[in-house]
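S.K.: okay, predicted coordinates and the sequence, questions at the end:
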Amino acid sequence: MAITPPESRRVSISKSCCGRSPICENLRRSIEVPMKFGFVTCVQLGLSCMEAIYEAGATLDLVITLPDDKAVGKSGRVYVDDFCRNNRVPLLKAGHINDQAVRDRIEHDAIDWLFIIGWSQIAGNELLAAPTLGVLGIHPTLLPVGRGRAAIPWAILKQLDRTGVTLFKLDSGVDTGPVVAQHEIPLSPDVDAAKLYNLVNDAHVLLIRDAIPRLVRGELPLVEQDEAQATFWPGRKPEDGEIALDGSVHEAERLVRAVTRPYPGAFFVQDGTRTVVWRARVANGLPQGGEPMLHFHDGILILDDVEISTIDKG
């Protein structure tokens, strides 16, 4: 289904465009040609960004998502059928972003910029080359710091006083492409994963709202990342959330905040039961009453929200 974009989406060359780089050459070829955007997602974060594109006055020409029976247990999984139907956007469902059918559709629809947000599959070089101007993604750190995975838990575990979100152009590396824009998020000492997840979601929307008008006008600053400042954060597994009962109360409290919902949670195993701790605080003095708690060598952790299950030994 072809959708005719409004006049406001027509491309003009920025005064800052040098006219010599591949991007500038592509933009020059695109004069007076409607800018076409595609979007790849299967989570709420991406849906929020798609809504932000329309709030910014632009439209989408193609949306790609997973088949309905894939990743049904994925955190934040959403179905974008209603959005696409209501906005009359063609919807393609594919098991992998690098499928030939995906590349064929992007090229057939002459997509200029493809957003990939909230999608765990790594885009291959052929997919990156399929859109006319490239592929854009958002990473929840201030790149080049924190390339890799588990950005929200790591920001808390590392006791950062600020983190952020980066809009960047994807290349063949992992989170290594040139930066388009960033939004900084100050971190309070008591922030937890749930709060930070919402702040990151809001930052995604702000970046998209700001970037879309500039993309439509062809004004796209691309700033190469400083490799000397780059760090890489590894992925985390559910078992990494186990509380060290012989460790520090402060480390335990931090771990609880870092991996609480929407993540699997911090936990400990004791007397044949597994206790997941969703919320906890370090006791200020000797606790009163019958509150559940854990004793550490340097303090007491009061457990405000727990979920207890019996370990099946069978």
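M.R.: All right, it came through fine.
S.K.: what residues are bridge-paired with Val40?
M.R.: With DSSP bridges applied, Val40 shows beta-bridge pairing to Ile64, Ile116.
S.K.: ugh, wrong one, I meant His295
M.R.: Ile300.
S.K.: any idea how far Gly95 is from it?
M.R.: For His295, the distance to Gly95 equals 49 Å [CB to CB, to the nearest Å]. Just so you know, the C-beta spots here come from the backbone N, C-alpha and C atoms, and that holds for glycine as well.
S.K.: helices along the stretch 51-200 of the chain, start to end?
M.R.: Under the criterion DSSP state H, counting those that start in this stretch, the stretch 51-200 of the chain contains helices at 81-87, 100-108, 125-128, 151-157, 193-217.
S.K.: output the ones you listed as JSON lines; include the columns mean neighbour count and distance to Thr141.
M.R.: Below are the helices of the stretch 51-200 of the chain laid out as JSON lines (neighbours: other CB atoms under 10 Å; distance: least, CB to CB, whole Å):
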{"stretch": "helix 81-87", "mean neighbour count": "14", "distance to Thr141": "27"}
{"stretch": "helix 100-108", "mean neighbour count": "16", "distance to Thr141": "27"}
{"stretch": "helix 125-128", "mean neighbour count": "16", "distance to Thr141": "21"}
{"stretch": "helix 151-157", "mean neighbour count": "22", "distance to Thr141": "5"}
{"stretch": "helix 193-217", "mean neighbour count": "19", "distance to Thr141": "10"}
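S.K.: of all the ones you listed, which lies closest to Val259?
M.R.: Ranking these by proximity to Val259 (CB to CB) places helix 151-157 first, at 5.4 Å.
S.K.: contacts for the closest one next, please.
M.R.: With CB atoms under 8 Å, 6 or more residues apart in numbering as the test, helix 151-157 has contacts from 139-141, 146, 163, 187, 191-193, 196-197, 200, 233, 236, 254-255, 257-259, 263.
S.K.: restricted to strands, list the residues you listed.
M.R.: His139, Thr163, Trp233 (DSSP state E).
S.K.: go through those and name the one nearest Asp226.
M.R.: His139 (15.2 Å).
S.K.: how about the contacts made by the closest one?
M.R.: Gly146, Arg147, Ala151, Val165, Thr166, Phe168, Asp175.
S.K.: now it: how far from Arg149?
M.R.: 10 Å.
S.K.: what of Asp109?
M.R.: Asp109 is 31 Å from Arg149, by CB to CB.
S.K.: higher neighbour count, the two?
M.R.: With neighbours defined as other CB atoms under 10 Å, Asp109 and Arg149 compare such that Asp109 has more, 18 against 15.
S.K.: His204 reaches Val165, doesn't it?
M.R.: Yes - using CB atoms under 8 Å, His204 is in contact with Val165, at 6.0 Å.
S.K.: who touches both of these two?
M.R.: Ile138.
S.K.: would you list the phi and psi of Ala228?
M.R.: Main-chain dihedrals, Ala228, degrees, to the nearest 10: phi -70, psi -20.
S.K.: quick one, strands of the stretch 1-150 of the chain?
M.R.: 37-40, 62-65, 91-93, 113-116, 134-139, 147-148 (DSSP state E, counting those that start in this stretch).
S.K.: quick one: closest of those to Ala56.
M.R.: Among the strands of the stretch 1-150 of the chain, strand 37-40 sits nearest to Ala56 (CB to CB), with 10.6 Å.
S.K.: work out the gap between the closest one and the centre of the chain.
M.R.: 15 Å (CA atoms, centre = their mean, to the nearest Å).
S.K.: CA atoms only for that strand, dumped as PDB, please.
M.R.: The C-alpha coordinates for strand 37-40 follow below in PDB (Å, rounded to 0.1, in the frame of the first residue of the first chain):
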ATOM      1  CA  PHE A  37      10.800   6.200   7.100                       C
ATOM      2  CA  GLY A  38      10.600   2.500   8.200                       C
ATOM      3  CA  PHE A  39      10.500   1.100  11.700                       C
ATOM      4  CA  VAL A  40      11.500  -2.200  13.300                       C
END
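S.K.: dump the ones in strands among the contacts of helix 151-157 into TSV; add distance to Leu286 and pLDDT as well.
M.R.: What follows is the ones in strands among the contacts of helix 151-157, written out as TSV (distance: CB to CB, whole Å; pLDDT from 0 to 100):
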residue	distance to Leu286	pLDDT
His139	44	96
Thr163	35	98
Trp233	38	97
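S.K.: can you redo those as TSV with distance to Leu245?
M.R.: Formatted as TSV, the ones in strands among the contacts of helix 151-157 follow (distance: CB to CB, whole Å):
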residue	distance to Leu245
His139	34
Thr163	29
Trp233	26
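S.K.: closest to Trp278 out of those residues?
M.R.: Thr163 (21.8 Å).
S.K.: what separates that closest one from Asp81, distance-wise?
M.R.: Thr163 is 33 Å from Asp81, by CB to CB.
S.K.: can you lay out the strands of the stretch 1-150 of the chain as TSV showing distance to Gln288?
M.R.: Below are the strands of the stretch 1-150 of the chain laid out as TSV (distance: least, CB to CB, whole Å):
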stretch	distance to Gln288
strand 37-40	53
strand 62-65	52
strand 91-93	56
strand 113-116	52
strand 134-139	45
strand 147-148	43
